[in-house]
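# Pasting a predicted model and its sequence here:
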Amino acid sequence: MTTQKITFNPIGIIHTPFDGTEKIPRQGRFGENNDGSIEIFEEFAKGLKDLNTFSHAHLIFYFHKKDEDLKLLQYPKGRTIPRGVFAIRSPLRPNKIGLTTVKIKSVENNIIHFEGADMINGTPLLDIKPYVPEIDCYPGAGNGWFEDDFGR
């Protein structure tokens, strides 16, 4: 087991219409009225060059408002069978790191406008990676335990 401490510094702040968790959609792509923006800190703004050529991006962020105790077995929302934390998409993670894919609407200077927010307003952004279908999409990938839920 490693005892190395890992430290991240935010590259920006995510702004969304959600001040609390009660109205956040379970998955941003399925929500409504969930446009957001990201303010990239000036020292990272040059790194936005060419991001506007992509339609989507992965946002990696820190769940800064999650102070609940980690449970390695959790009940996914609306489910009655507990699942391992690494087999679900719960925000209660060992390292409080979130990942979501958003649709880029525009990039203006150091501001990214997007749709698909599923995080609290003021969330620290750790990184951005462009969504590339040829790399990120695996046709025929399995749905794990979701297969049972989807009747397949």
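Received, thanks.

# Show me where this structure has its helices.
133-136, 146-149 (DSSP state H).

# deepest of the ones you listed, which one?
For the helices of the chain, the largest average neighbour count (mean count of other Cβ atoms under 10 Å) is found in helix 146-149, namely a mean of 11. In this view, the C-beta of every residue, glycine as well, is placed from N, C-alpha and C.

# quick one, which of the helices of the chain is nearest to Arg89?
Nearest to Arg89, of all those, is helix 146-149, at 10.1 Å by Cβ to Cβ.

# For the closest one, give me every contacting residue.
With Cβ atoms under 8 Å, 6 or more residues apart in numbering as the test, helix 146-149 has contacts from Arg79.

# ok, back up a step: looking at the helices of the chain, which one has the lowest mean pLDDT?
Lowest mean pLDDT within the helices of the chain: helix 146-149, a mean of 70.

# now it, how far from the centre of its chain.
Chain-centre distance of helix 146-149: 22 Å, with Cα atoms, centre = their mean, to the nearest Å.

# What ranges in the chain fall below the confidence cut-off?
The model of the chain has pLDDT under 70 over residues 1-2, 21-22, 24-32, 66, 149-152.

# which residue ranges form the strands in it?
Using DSSP state E, the strands found in the chain span residues 12-15, 35-40, 56-62, 73-74, 83-84, 97-108, 111-115, 123-130.

# For these, give me a markdown table that also has distance to Gly140.
Output for the strands of the chain, formatted as a markdown table (distance: least, Cβ to Cβ, whole Å):
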| stretch | distance to Gly140 |
| --- | --- |
| strand 12-15 | 32 |
| strand 35-40 | 32 |
| strand 56-62 | 21 |
| strand 73-74 | 28 |
| strand 83-84 | 23 |
| strand 97-108 | 19 |
| strand 111-115 | 28 |
| strand 123-130 | 23 |
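
# closest to Ala141 out of the ones you listed?
Checked against Cβ to Cβ, the stretch from the strands of the chain lying closest is strand 97-108, at 14.6 Å.

# Show me the contact partners of the closest one.
27-29, 35-36, 48, 51-52, 54-63, 91, 112-119, 123, 126, 131.

# what about 6 Å?
Contacting residues not belonging to strand 97-108 are listed as 28, 48, 51-52, 56-61, 63, 113-116, 118, 131 [Cβ atoms under 6 Å, 6 or more residues apart in numbering].
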